[in-house]
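K.L.:
Predicted structure and sequence below. I'll ask about it afterward.
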Amino acid sequence: MNFFYLPEGISNLVAISMIVLSFFTSFLSTAFSIGGGIVMLAVLSPLLPTSSLIPVHGIIQLGSNFGRAVLLFKYIKRDAILPYAIGSIVGSFLGASIFTNIPEQYIKLAIGLFIIFSVFGKLPKVKNGYLWLAGFVVSFMAMLLGVSGLLMASFVKSMKLNPTDHVATHAGMVTFQHLFKSIAFGFFGFQFISYAPLLIGMIASGFIGTVIGKKLLISRGKVYFQTVLNIILVVAGISMLWEAIR
């Protein structure tokens, strides 16, 4: 017997594990800017049907990033949000309709190279006039791969913000990207209602993880942030290159 209404194939143990996972990944993303989304996707992959994985992941990330953006609202670089959101609308709906026709390995290869270059190369600062393009590219790619935080972190890293402003601005941008992504999946027929109780539990636990992660970020962020961010980006970039080549 389930504790509450769950989708077919999701047991109580799996549901509890997903709720705990949401707490951990939200803490990770708040303290280090990225990492939580890709961990979430990796763990959910064997637990959810393929057709549900990216839409459900998108809703969870929407809740997690929205909570982070609310808690860190005063640190958000707000003039960057609107142009990014405009690009996200176009990228999400275009990606939802045609992106599955492009071989995934080519996209992973391109993203992996870009992420590694953002660490070791000199990525030009993304000016407000080009943020709509960043929103379009990130949202377009996220419709297939699911994880957009790593790519977005590379763009935000070029703005050279302090740790708290970086995490806050990143959260604000990715909130809009996941919002439009979720709307696009709903428009093309995905039924979120069967996952609603589980999603509410995961978003609530994720908010608690965000609150705790915020304390670590503000108190110690300047000590560890850039080093940890670069390490995560390099490992993720190499991983994507390996998957593409394999």
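P.N.:
Okay, I see it.

K.L.:
So, low pLDDT: which residues of this protein?
P.N.:
Counting by pLDDT under 70, the low-confidence segments of the chain come to 1-4, 33-35, 50-51, 96-108, 110-112, 114-115, 117-119, 121-129, 142-150, 240.

K.L.:
how does it look with 90?
P.N.:
Within the chain, the stretches with pLDDT under 90 are 1-18, 21, 24-62, 64-65, 77-164, 166-167, 169-200, 213-246.

K.L.:
packing partners for the longest helix along the chain?
P.N.:
Taking DSSP state H as the criterion, the chain has its longest helix at helix 196-245. When contacts are defined as 3 or more Cβ pairs under 8 Å, 6 or more residues apart in numbering; DSSP states H and E, helix 196-245 packs onto helix 12-32, helix 50-71, helix 104-120, helix 149-157, helix 163-187. The way it works is simple: take the backbone N, C-alpha and C, and place the C-beta from them, glycine included.

K.L.:
Among those, which comes closest to Tyr84?
P.N.:
Among the helices and strands packed on helix 196-245, helix 163-187 comes nearest to Tyr84, with 4.8 Å by Cβ to Cβ.

K.L.:
The closest one: how far from the chain's middle?
P.N.:
Centroid displacement of helix 163-187 relative to its chain, using Cα atoms, centre = their mean, to the nearest Å, is 7 Å.

K.L.:
hang on, Ile59 packs against Ser182?
P.N.:
Yes - the pair Ile59 / Ser182 is scored as a contact, 5.4 Å apart, by Cβ atoms under 8 Å.

K.L.:
Give the residues shared as contacts by the two.
P.N.:
Phe192 (Cβ atoms under 8 Å, 6 or more residues apart in numbering).

K.L.:
Pipe the helices and strands packed on helix 196-245 into TSV and attach mean neighbour count and distance to Ile232 per row.
P.N.:
Formatted as TSV, the helices and strands packed on helix 196-245 follow (neighbours: other Cβ atoms under 10 Å; distance: least, Cβ to Cβ, whole Å):
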stretch	mean neighbour count	distance to Ile232
helix 12-32	20	6
helix 50-71	22	16
helix 104-120	17	10
helix 149-157	26	8
helix 163-187	24	13
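
K.L.:
Nearest to Leu233, out of those helices?
P.N.:
helix 104-120 (5.1 Å).

K.L.:
State the next helix or strand along the chain beyond the closest one.
P.N.:
Using DSSP states H and E, the next helix or strand after helix 104-120 towards the C-terminus is helix 131-145.

K.L.:
who touches the residue lying closest to Phe66 once chain neighbours are set aside in this structure?
P.N.:
Counting by Cβ to Cβ, 6 or more residues apart in numbering, Phe66 lies nearest to Thr175, which is 4.8 Å off, once chain neighbours are set aside. Counting by Cβ under 8 Å, 6+ apart, Thr175 makes contact with Leu62, Asn65, Phe66, Ala69.
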